[in-house]
Structures are given as structure tokens and as C-alpha cells.
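Participant: What shape does this take:
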Amino acid sequence: MIHQSRRAGRTAPRRPAGPERPAEQRGAASTGRIVKLLVGQSHGFIRLADSREIYFHRSDLEERTAFNDFAVGDAVIFELLEDDVSGARALRVKRRPRLR
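Facilitator: Numbers count the residues shown, from 1 in each chain. Modelled structure (predicted):
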């Protein structure tokens, strides 16, 4: 005699493959110059035209952009995210192309 499972023919409901990701944060397009790099701590600060200094972390760089390739004085473009809790932060930081 062949025994069949009671569950034969049933399929389990599909679940997401992993935890849902929060919506990607976006900020306003901005430019500035790097004024401070703390390489050992993996972060730095960018000065805006209005003299505000904005924090950025090496994880906030644009893909294929190396933190160690930056130097104080480099012109950069980024997305400025204003956060009421933690303050302003630069996202997707990359070196500004030089004009010819």
C-alpha cells in the first residue's frame, strides 16, 4: 500500500526572499569641496557655498568611487539629505568632473 501525504498537491504561500528594504533615500543635488577627511574613521566633511559643513561616510559614496582617492580641496557633487534627527548628510558623493 502506498501512503500519500495529506499535503500532496498543495504549495506553500510565497514569502519574500529576504527582509524588505526601506525606500531608497534621496536628497537634493548639491556641490561642495571636501574640507576634512578622517581616513582612519572612514568619514569626512564637505563645505557648501554657504559655509555649512556636511558629513559623509565612505558608505555614502557613489558606486565605483574610492574613499581613499579623495583629497582635501576636491570638488564633489552629491545628494544633500536633510534629516531633522541626525542632521544633514551627503549621499552618493563623487568627484565633480573638471571643466575644460
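
Participant: now the residue positioned nearest the centre of the chain: how far from residue 98?
Facilitator: Centroid check for the chain by CA atoms, centre = their mean gives residue 60 as the closest residue, at 3.6 Å. Going from residue 60 to residue 98 by CB to CB, to the nearest Å gives 22 Å. To be clear about C-beta, it is placed using only N, CA and C from the backbone, and glycine gets the same treatment.

Participant: Where does the prediction get shaky in the chain?
Facilitator: 1-25, 99-100 (pLDDT under 70).

Participant: now residue 66: how far from residue 88?
Facilitator: In terms of CB to CB, residue 66 sits 23 Å off from residue 88.

Participant: When these two are compared, which one has more neighbours?
Facilitator: When residue 66 and residue 88 are compared for neighbours, residue 88 comes out ahead with 17 against 8, by other CB atoms under 10 Å.

Participant: neighbouring contacts of the top strand by length along the chain?
Facilitator: Ranked by residue count under DSSP state E, the longest strand found in the chain is strand 28-38. Strand 28-38 is contacted by residues 44-49, 53-54, 70-80, 82, 90, 96 when judged by CB atoms under 8 Å, 6 or more residues apart in numbering.

Participant: Show me which of the residues you listed are buried.
Facilitator: By neighbour count, with 16 or more other CB atoms under 10 Å, these hold 44-46, 54, 70, 74, 76-80, 90 as buried.

Participant: quick one, strands of the chain?
Facilitator: Using DSSP E, strands in the chain cover 28-38, 43-47, 53-57, 75-81, 89-95.

Participant: re earlier: give the buried residues for the longest strand of the chain.
Facilitator: 30, 32, 34, 37.

Participant: what's the angle between that strand and strand 43-47?
Facilitator: Using axes from the mean of the first three to the mean of the last three CA atoms, to 10 degrees, the inter-axis angle of strand 28-38 relative to strand 43-47 is 130 degrees.

Participant: What strands flank strand 28-38, and is each parallel or antiparallel?
Facilitator: Here strand 28-38 has these sheet partners by DSSP bridges: strand 43-47 (antiparallel), strand 75-81 (antiparallel).

Participant: closest one to residue 26 among those strands?
Facilitator: strand 75-81 (6.2 Å; CB to CB).

Participant: can you give me the angle that closest one makes with strand 89-95?
Facilitator: Using the same axes, to 10 degrees: strand 75-81 against strand 89-95 is 150 degrees.
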